[in-house]
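[1] Quick one, structure for this:
(3 chains, ligands or ions: 3)
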Amino acid sequence: EIEVYWLWIYVAVMAAGAFYFASLSFQRKGVPRIEYLVAFIIPVWSGTAYASMAVGQGIVDIGEKVTYYARYLDWVVTTPLLLVALSMTGMFYIRKDKVIILGLVAADVFMILTGLIADLTSSWPLRYMWYTLGLVALLLILWIIWYPLRHKAQSQGRELASLYDKAAGYLSILWVCYPTIWLIGPSGIGLVGQVTDTVLFVILPIFSKVGFSILDLNGLRALKK
Amino acid sequence: EIEVYWLWIYVAVMAAGAFYFASLSFQRKGVPRIEYLVAFIIPVWSGTAYASMAVGQGIVDIGEKVTYYARYLDWVVTTPLLLVALSMTGMFYIRKDKVIILGLVAADVFMILTGLIADLTSSWPLRYMWYTLGLVALLLILWIIWYPLRHKAQSQGRELASLYDKAAGYLSILWVCYPTIWLIGPSGIGLVGQVTDTVLFVILPIFSKVGFSILDLNGLRALKK
Amino acid sequence: EIEVYWLWIYVAVMAAGAFYFASLSFQRKGVPRIEYLVAFIIPVWSGTAYASMAVGQGIVDIGEKVTYYARYLDWVVTTPLLLVALSMTGMFYIRKDKVIILGLVAADVFMILTGLIADLTSSWPLRYMWYTLGLVALLLILWIIWYPLRHKAQSQGRELASLYDKAAGYLSILWVCYPTIWLIGPSGIGLVGQVTDTVLFVILPIFSKVGFSILDLNGLRALKK
Ligand SMILES: CC1=C(/C=C/C(C)=C/C=C/C(C)=C/C=O)C(C)(C)CCC1
Ligand SMILES: CC1=C(/C=C/C(C)=C/C=C/C(C)=C/C=O)C(C)(C)CCC1
Ligand SMILES: CC1=C(/C=C/C(C)=C/C=C/C(C)=C/C=O)C(C)(C)CCC1
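    Ligands and ions are numbered 1, 2, ... in the order given. All right, here's what the predicted structure looks like:
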């Protein structure tokens, strides 16, 4: 099927991304190794999850629709890592504030789990109860990114503040697309069908994972130190 | 049904607790933010788990009885957090001893997992094998709380020692009730029925979660610094 | 059956190991408590997993063969702990490098999960896709152990370097046996039957868990300080 073809393209892009970030790590330019490790693990994990969907695993029938639960397995690992990467950028020159990182990760895991439960629930009103809880968590994440964390970033000079604003803006816009696609796709009101849904969930994460790490890592590497 | 009504009361109390702890965090009185974050996450997570039971999810049939596995999902997150909160109180003025915290959390996760397996096992002697393993872990937890951790608390002056004793005593008494209710309820010998069991598992955790955090947080806030 | 008998022997050995390491911790000889805690948790967790198999739990039918998924539950906790123990030995006198530890643990969890998925997959070519991914992760682990981590160990004097080489060599040889047995046993090409497989998975982990910790802990205790 056409969907499977798209899924394998995704796997190939993730593999390329992983190689790219691994190769960058040979010349670190003052960026700590942990940033490279995070940028490397994200595409490896996500590519593996999509490979499982491409071979027909990671899928379950719920009522009359299929749930790609492998997506949530992907997200539950990669989205916290993306937030950790953003936090480390926002606190690049200063001591990392553990409470901000923990708060972000806790809200994020909560968001992904409620999304998974929503997608595994066959009764329609209940799906939206869970979906709404996930949305609240997303709002909390965006609030932390744009208030306490941005505040820290701005205390570290113009150059870092502007890199942070770029990375946070890029991330925020992309992340808001996820619940939107969820809602208009077969998981929600079904405005778009399964194939479009799969294609969107191939294109979008390429930008929000590999694209984000390119922006973030190269931004950090270009900072004068 | 009457049970569902109680479950929603629980959700409301947890929501109120979460708001209360969030509001306290605006005036921190020298208590680190992490304590507020922990006190906030506990009722949010637990309220969500109970909401899932109230809408009829998080339940599975095992042999002739139902298992509320959402309870264990609640506990596996909230009980380690409660122990972390108690540890941070017991080591308030000194460097946090990671080995004590890791030991407590490991024993606690072990206890909750064995309880879950016990509750998912339909053969009766095996249920008690798992239950007994959980009990051993609880004894280990109580030992750590009352010996090495209490020892640390006592080295930090009368006021803290007395707050620690209060918090640890309160926690110990309530925690011993859990395996007791498990045993006399439908999970165990069935002395009390499902409704009583649900009601007890609504009232008790209100005290051991929101009650505990009120005692603990307000105690820390009242310490003269 | 004969298999059950072997499984209980394993449980007994693990219990003995746990007691032994707990008893060593009463006289620490300059080795940090965390090393004892890790050495203690490994056999407790693994013994519990094997007890569950001995009573007939932790097993599921996949196609025409049975999968002992409790093995993977064991490994997913104990193998990261073994790598943490080895890392702490390799960086005994110096600051622990978190990136090395995180890299090892991430690769290891990935390896065990792909092994579990392989074992739960009934289609044969797909089993080997997952198996191969796990093998790649194992190669990565071995590379980290023998290059960056060994490099650190060698910077800390002859005595520690030689202890590290012994521990790392012992671990490497034993770990390579796991995918080999997997492959020749019922999970793979079926050269050996279920009983032999069970026996091998009783004998081997005794050496790679209790045996490893004895070598490692006693080596550290014997270092002159
Ligand atoms: C709010 C919300 C959601 C948000 C998901 C997001 C924000 C996912 C982000 C994924 C990324 C960034 C993946 C990889 O790069 C769900 C779970 C769809 C449904 C529940 C409500
Ligand atoms: C010993 C033991 C148990 C103990 C449970 C406890 C101690 C739960 C505490 C829960 C709290 C404090 C929840 C929220 O506040 C089980 C799992 C019932 C059964 C197995 C044996
Ligand atoms: C590479 C590989 C494997 C390796 C497993 C290993 C290396 C297990 C080690 C276990 C230990 C050391 C246990 C307890 O002491 C699997 C999962 C069998 C199959 C997939 C490929």
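
[2] Any idea how far stretch A:148-155 is from the middle of the chain?
    21 Å (CA atoms, centre = their mean, to the nearest Å).

[3] neighbouring contacts of it?
    Contacts with stretch A:148-155, where a contact means CB atoms under 8 Å, 6 or more residues apart in numbering or on different chains, come from A:86-87, A:89-91, A:94, A:97, A:100, A:104, A:160-161, A:164-165, A:168. (Each C-beta comes from the backbone N, C-alpha and C, glycine too.)

[4] Please identify the buried residues of that stretch?
    Of the residues in stretch A:148-155, those buried under the neighbour-count criterion (16 or more other CB atoms under 10 Å in any protein chain shown) are A:P148, A:L149, A:K152, A:A153.

[5] Looking at these, which are in strands?
    When the buried residues of stretch A:148-155 are checked against strands using DSSP state E, none is located there.

[6] out of these, what pair is the most spread apart?
    Considering CB to CB, no two members of these lie farther apart than A:P148 and A:A153, which are separated by 10.0 Å.

[7] Can you give me every residue that contacts A:L223?
    When contacts are counted by CB under 8 Å, 6+ apart, A:L223 touches A:G30, A:F92, A:E159, A:L160, A:L163.

[8] Wait, A:K65 touches A:G188, no?
    No. The pair A:K65 / A:G188 is not scored as a contact, 10.5 Å apart, by CB atoms under 8 Å.

[9] who has more neighbours, those two?
    Neighbours around A:K65 and A:G188, counted as other CB atoms under 10 Å in any protein chain shown, are more numerous at A:G188. The numbers are 20 against 12.

[10] SS state for the residue nearest to the more buried one when sequence neighbours are not counted?
    Taking CB to CB, 6 or more residues apart in numbering or on different chains as the measure, A:G188 lies nearest to A:W182, with 5.7 Å between them; neighbours along the chain are not counted. A:W182 falls in the helix class when you classify it by DSSP: H, G, I helix; E, B strand; the rest coil.

[11] Near A:W182, how many other residues are there?
    Applying the criterion other CB under 10 Å, we find 19 residues in the vicinity of A:W182.

[12] residue contacts, it?
    With contacts defined as CB under 8 Å, 6+ apart, the neighbours of A:W182 are A:G115, A:D119, A:Y131, A:G188.

[13] Closest one of the buried residues of stretch A:148-155 to ligand 2?
    Minimum distance to ligand 2 across the buried residues of stretch A:148-155 is 28.5 Å, recorded for A:P148 (CB to the nearest ligand atom).

[14] can you tell me how far the closest one sits from B:S25?
    A:P148 sits 12 Å away from B:S25, going by CB to CB, to the nearest Å.

[15] And A:V105, by the same measure?
    Per CB to CB, A:V105 is found 18 Å from B:S25.

[16] closest point of chain A to chain B, which residue?
    Using CB to the nearest CB, the closest approach of chain A to chain B is made by A:V99 at 4.6 Å.

[17] Show me what the one helix or strand that residue maps to is packed up against.
    Secondary-structure element containing A:V99, defined by DSSP states H and E: helix A:98-120. Helices and strands touching helix A:98-120, by 3 or more CB pairs under 8 Å, 6 or more residues apart in numbering or on different chains; DSSP states H and E, are strand A:60-62, helix A:69-90, helix A:124-144, helix A:158-184, helix B:33-54.

[18] Now distance to B:F212 too, for the ones you listed, in JSON lines please.
    Written out in JSON lines, the entries for those read as follows (distance: least, CB to CB, whole Å):
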{"stretch": "strand A:60-62", "distance to B:F212": "38"}
{"stretch": "helix A:69-90", "distance to B:F212": "28"}
{"stretch": "helix A:124-144", "distance to B:F212": "24"}
{"stretch": "helix A:158-184", "distance to B:F212": "35"}
{"stretch": "helix B:33-54", "distance to B:F212": "9"}
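
[19] before we move on, the earlier item: in the contacts of A:W182, which residue is surrounded by the most others?
    Comparing the contacts of A:W182 by number of neighbours (other CB under 10 Å), A:G115 comes first, having 25 neighbours.

[20] A:Y69 is in contact with that residue, correct?
    No. In this structure, A:G115 is not within contact of A:Y69 by CB under 8 Å, at 10.5 Å.

[21] got any ranges where chain A has weak pLDDT?
    Applying pLDDT under 70 to chain A flags the ranges A:225.

[22] distance of the most centrally placed residue in it from ligand 3?
    Within chain A, one residue has its C-alpha closest to the average C-alpha position: by CA atoms, centre = their mean, that is A:T79, at 3.9 Å. As for A:T79, its distance to ligand 3 is 26 Å (criterion: CB to the nearest ligand atom, to the nearest Å).

[23] Separate out the buried members of the contacts of stretch A:148-155.
    If you count burial by 16+ other CB under 10 Å, the buried members of those come out as A:L86, A:S87, A:T89, A:G90, A:M91, A:D97, A:I100, A:L104, A:L160, A:A161, A:Y164, A:A168.

[24] want to try JSON lines for those residues, with distance to B:D61 as columns?
    As requested, the buried ones among the contacts of stretch A:148-155 are arranged in JSON lines below (distance: CB to CB, whole Å):
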{"residue": "A:L86", "distance to B:D61": "44"}
{"residue": "A:S87", "distance to B:D61": "43"}
{"residue": "A:T89", "distance to B:D61": "49"}
{"residue": "A:G90", "distance to B:D61": "48"}
{"residue": "A:M91", "distance to B:D61": "49"}
{"residue": "A:D97", "distance to B:D61": "46"}
{"residue": "A:I100", "distance to B:D61": "43"}
{"residue": "A:L104", "distance to B:D61": "38"}
{"residue": "A:L160", "distance to B:D61": "56"}
{"residue": "A:A161", "distance to B:D61": "56"}
{"residue": "A:Y164", "distance to B:D61": "51"}
{"residue": "A:A168", "distance to B:D61": "47"}
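
[25] Just name the closest of the residues you listed to C:G58, please.
    Using CB to CB, A:L104 comes nearest to C:G58 of the buried ones among the contacts of stretch A:148-155, at 35.3 Å.

[26] re earlier: what's the closest of the helices and strands packed on helix A:98-120 to ligand 2?
    Short answer: helix B:33-54, nearest of these by CB to the nearest ligand atom, at 6.6 Å.

[27] before we move on, the earlier item: got a list of what the residue nearest to the centre of chain A touches?
    Residues in contact with A:T79 (CB under 8 Å, 6+ apart) are A:D108, A:M111, A:I112.

[28] again, 7 Å this time
    A:D108, A:I112 (CB atoms under 7 Å, 6 or more residues apart in numbering or on different chains).

[29] how about A:P205, phi and psi?
    Note on A:P205: backbone dihedrals following degrees, to the nearest 10 are phi -70, psi -20.

[30] before we move on, what about the one 5 residues further on?
    A:V210 adopts backbone torsions of phi -60, psi -40, taken as degrees, to the nearest 10.

[31] And for it, the neighbour number?
    The number of residues packed near A:V210 is 21, by other CB under 10 Å.
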